[in-house]
Structure formats: structure tokens, C-alpha cells
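Chemist: model this:
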Amino acid sequence: MANHIDGPLYYERMGRTGPVMAFIHPNPMDQSCWIFQMAHLSTWFRCIAVDIPGYGRSPKAEAGLTMDDMAEACWEALDDAFPGEAAILVGSSVGSAIAPYMYHQRPDRTPAIILSGKGYSTDKSNFQRRIETYRANGIGFRWRYTFEDLSPAFRATPLAHFFANLFTERNEFADVDTICHQFGALQEQEPEGHYSGIGCPVIILTGSEDNAHTRSFALQEQIPGCELKVLPGAGHACQIEQPWLFDRFMIEFLTKHGLFPESPKPAVSSN
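Modeler: A predicted model of the protein is given here:
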């Protein structure tokens, strides 16, 4: 079992055929933020969306939690669902921070990585501010924080409020201490070669209204051969705001690298 985590992570699955695609969510959301991608990409892939520790219906974590701990726990969830199989990794924000650690733990099982809501910076001070805000406001801060992941235009929509309510209706399962431990882990400086040593195809999908948008170009420069696509007008959680474009960019990227399977054949009636 992964260290510093009180049990296996919760996950949801969709799709019964095809390669495996794993989705890792951002703070303050849970695996439900991938609802559009799970519904769509499960046409061709066996999709799994994981709740990281302290969110959704996953267990708590203890002080000392590391990025490697969370990456290992995600692999354990994948192994529970699809023992020993390779998985295309799709992350958003915190999920995008975890995905490279997952790659380095199982490079032979990571055919491609899709990152969103992620930039590159050596300044980690923002994570400490998040810890202080959660400590001051408690788990209820998640509702307000959800809107920070969205563009100004999308924040005003009923769908934005639907998602904020969806995530916070699960607050009874969430844990402030664990969320703070996660932000503590995010303050770690990445090891040498963390990005330059990634040897699989990588693409960054970035919303033009995301605070991390300009830093996403710096991240692209860190990863050999990394591709980048912009979702105009979208915020941090661009997979929620513009799923049609997010999914199209994913499919084009995977097709380019020979990782998109043929369309499933319809069942043939025996009558």
C-alpha cells in the first residue's frame, strides 16, 4: 500500500473495451469533474477516474504525504481495476502534478500523458496560502474555490453552480487535514530530470483564462517534444467548460501518435 494514505483510493469506471485511460482530478473537485470525458471517451477506452486522498470518497492521508505516495496510490487503483495494464494518464492541475510522478514510477505502462491546468514555476508559495485559507475557512471553502477554477464568464452559469454543489455535497467524506497535506506535498521541488526525463508523448491543454496559462508554455519547454493546444476563453478546469474542444484535442493527439483505437464494431445479431 502507498505510504501515508489510510487505504485504497475510490474510483469510478466507464467503458468495457479498448485501452485504459486514467483521469486524475484537480483541487477542490473530485473525479466527477471528468463526467463529460468519461461519457465520451468510454466509446473507445476503458476509462477510470480516481478520487485522490481527502476528496470525493477516498480515504484520508497522514502528515508526511508525498507526491510519490499519491502517484503510487493512483497506480494501485489502476491495478485494482486493470491489473498490470498500461494507461494513458490525463490530469488537471493537481492531477497534472501527479501524472509525471506516475510516469516515473511506471514508464513502461505510460504510453502518453495529457496535462491541463498546469504550468511550470519554482515558486511554491501559493500552496502555503492555500493551506492557510483551508485552515481558516474549513471544508466549506471548497464551494467558493470551485469558482476560482473557472473562467469569469463560466462562473455565472447554472452549470458552474451545479458542479460546485455536486462537489461540496460530498464534503462529509472530504478532509481538510488531508487536503492541507496534499498542498504540503505540492511544495516539494521536483527532482532533477522530472520533466526532461519524460519519454512518452505529452500534450498540454490550457485555457486562455487560466491563471496558469502563461506558465504552461514554460512547462512545454521543460518536456521534450511536448505539444500544446489553447482553449480560447476557458479557465483552469477547461475540461468542464469546453469538453467538445478538450476531447477533440485529446483525440487528435492520440490519433497522431497511433494511440487512438478503431471505432468499436456494432454487435451482430444472431437472428
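Chemist: residue ranges for the strands of the stretch 151-271 of the chain, please.
Modeler: Under the criterion DSSP state E, counting those that start in this stretch, the stretch 151-271 of the chain contains strands at 202-207, 227-231.
Chemist: mind listing what the nearest residue to residue 18 once chain neighbours are set aside touches?
Modeler: Leaving aside its chain neighbours, residue 18 sits nearest to residue 45 (4.5 Å; criterion: C-beta to C-beta, 6 or more residues apart in numbering). No exception for glycine: its C-beta is placed from N, CA and C like everyone else's. For residue 45, the contact set (C-beta atoms under 8 Å, 6 or more residues apart in numbering) comprises 15, 18, 19, 20, 21, 88, 261.
Chemist: Neighbours of the last one, how many?
Modeler: A count of nearby residues for residue 261, using other C-beta atoms under 10 Å, gives 14.
Chemist: Need the pLDDT of it.
Modeler: What the model reports as pLDDT for residue 261 is 94.
Chemist: got it, and the second one?
Modeler: In the predicted model, residue 18 carries a pLDDT score of 97.
Chemist: Would you agree it is in contact with residue 85?
Modeler: No - at 11.1 Å, residue 18 does not count as touching residue 85 under the criterion of C-beta atoms under 8 Å.
Chemist: Settle it for me: which of these two has more neighbours?
Modeler: Set side by side, residue 18 and residue 85 show more neighbours around residue 18, with 17 against 12, by other C-beta under 10 Å.
Chemist: would you say that one is within a helix?
Modeler: No - the assignment for residue 18, made by DSSP: H, G, I helix; E, B strand; the rest coil, is coil rather than a helix.
Chemist: dump the residue contacts of it.
Modeler: Taking C-beta under 8 Å, 6+ apart, we find residue 18 in contact with 44, 45, 46, 261, 264.
Chemist: cutoff 10 Å now
Modeler: Neighbouring residues of residue 18 by C-beta atoms under 10 Å, 6 or more residues apart in numbering: 41, 42, 43, 44, 45, 46, 47, 260, 261, 262, 264.
Chemist: low-confidence ranges in the chain?
Modeler: Along the chain, the model assigns pLDDT under 70 to residues 263-271.
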